[in-house]
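Asks: Sharing a model prediction with you, sequence too.
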Amino acid sequence: MTNVMKAYGFYDPKKEQDLPPFEEEELPVPEPKKRELLVEVKAVALNPTDFATRMMKKSSDDSFTILGRDVAGVVVSTGEDVTLFKEGDEVFYPGTPNNEGAQADYHIVDERMVSIKPKNLSFEEAAALPLTALTSYEVIHDRLKLFSLADKPSNVTVLIVGAAGGVGSIACQLALNYGFNVVGTASRDESTEHVKSLGVNFVIDHTKPFKDQLKEHGLTTIDAVFLAARSDDNIKEAARVVKPQGQLCTLLPITKPLPGAFFGKSLTLSHELMYTRSVYGTDDWIKQHEYLTELKNQVEQGFITSTLSTVYEEMTTETLTEAYRQLQTEHTIGKIVLKHN
């Protein structure tokens, strides 16, 4: 194996521009340590978090920044403490801010956030899943704790705001597969049809008051709400319809004052950031490997489908620019993936 690799990234974030000026560089191939894997990258998906990485970089930082935190590839070597994987394993996983991104020939990742790739998915299809799926598992199990809300899932109704997005689409599939009643929100005809195609029980328009729309479907309250998109715009409506002592979870910080209903109803608001376990090295980090392994099994059994929507056949500075420009429109249904190697 060569000692150098191609990588795609930028030095100056050029925040005044729409996108950073991507460059191709030759860099040393990193070496895996302890519980790390070195993965030959086969496909990388784009995420809105890539934009956040760029915007947080200081112009005075002259390091080469590589984006890309949704990956599928092949293990080529392992650190000395690795026990879950071996050379040649086909894997998929999300990255972490602890390491550089995966828009390169090779990438380093800790085995505690990796799973074997579903055998019925291509590398491109698999790369579309890890970040959004892990986020959804953590929301369902660790933040909203949906299984604790009733004696059986069929007695729990969850509202997923932004159900057509990357995270929302997977959260809908997971919740339905577990047996929960799911109400999704969408605002455009195309996104509404997409949510319906997932099998969601009811779809409402998140640009209109929630309560009257829910009444049309015979619902007076919701047990839990997952704000998978536009949290600030929808927190007030969500608080109006969730039951007293209900649960809400958001992916984005709430920048507005919380509605009075949070006090009057004794509502609980939690936040979900998939990177928390990896950044802080929490004792339960292995849960991410377990959730991804469950995802692999559900995909192979046909319960969960990939949210891949667009594939770029090669990774270059030009295709990266074009793909990120497409992601910037915020109207993409499903995930954008670039093939590599």
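Replies: Happy to help now that I have it. Residues are numbered from 1 along each chain as shown.

Asks: Quickly list the domain ranges of the chain.
Replies: What automatic domain parsing lists as the domains of the chain is 4-129+284-339, 133-271.

Asks: Do you know the pLDDT at the residue nearest to T221 when sequence neighbours are not counted?
Replies: The shortest distance from T221 to any non-neighbouring residue, by CB to CB, 6 or more residues apart in numbering, is to K243 (4.1 Å). Where C-beta positions appear, they are placed from N, C-alpha and C, glycine not excepted. On pLDDT, K243 comes in at 97.

Asks: Just the element for K243, please.
Replies: strand 242-250 (DSSP states H and E).

Asks: And that strand, what's buried?
Replies: When neighbours are counted by 16 or more other CB atoms under 10 Å, the buried residues of strand 242-250 are found to be V242, G246, Q247, L248, C249, T250.

Asks: now, the most widely separated pair of those?
Replies: By the measure CB to CB, G246 and T250 form the most distant pair in the buried residues of strand 242-250, at 13.7 Å.

Asks: Now do the helices in the stretch 51-200 of the chain.
Replies: Residue ranges of the helices in the stretch 51-200 of the chain, as given by DSSP state H, counting those that start in this stretch, are 123-127, 130-138, 166-178, 189-197.

Asks: Contacts for the shortest one, please.
Replies: It stands for helix 123-127. 42-45, 70-73, 90, 92, 117-118, 306, 308, 311, 335, 337, 339 (CB atoms under 8 Å, 6 or more residues apart in numbering).

Asks: for stretch 281-291, same thing?
Replies: Residues from elsewhere that reach stretch 281-291 (CB under 8 Å, 6+ apart): 84, 110-115, 133-134, 137-138, 141-142, 274, 276-278.

Asks: now do 7 Å
Replies: Contact with stretch 281-291 is made by L84, E111, R112, M113, V114, S115, L134, Y137, R277, S278, as judged by CB atoms under 7 Å, 6 or more residues apart in numbering.

Asks: Look at it and report the distance between its end residues.
Replies: Using CA to CA, to the nearest Å, the end-to-end distance of stretch 281-291 comes to 17 Å.

Asks: tell me which residues in that stretch are buried?
Replies: The neighbour-count check on stretch 281-291 (16+ other CB under 10 Å) flags W285, K287, Q288, H289, Y291 as buried.
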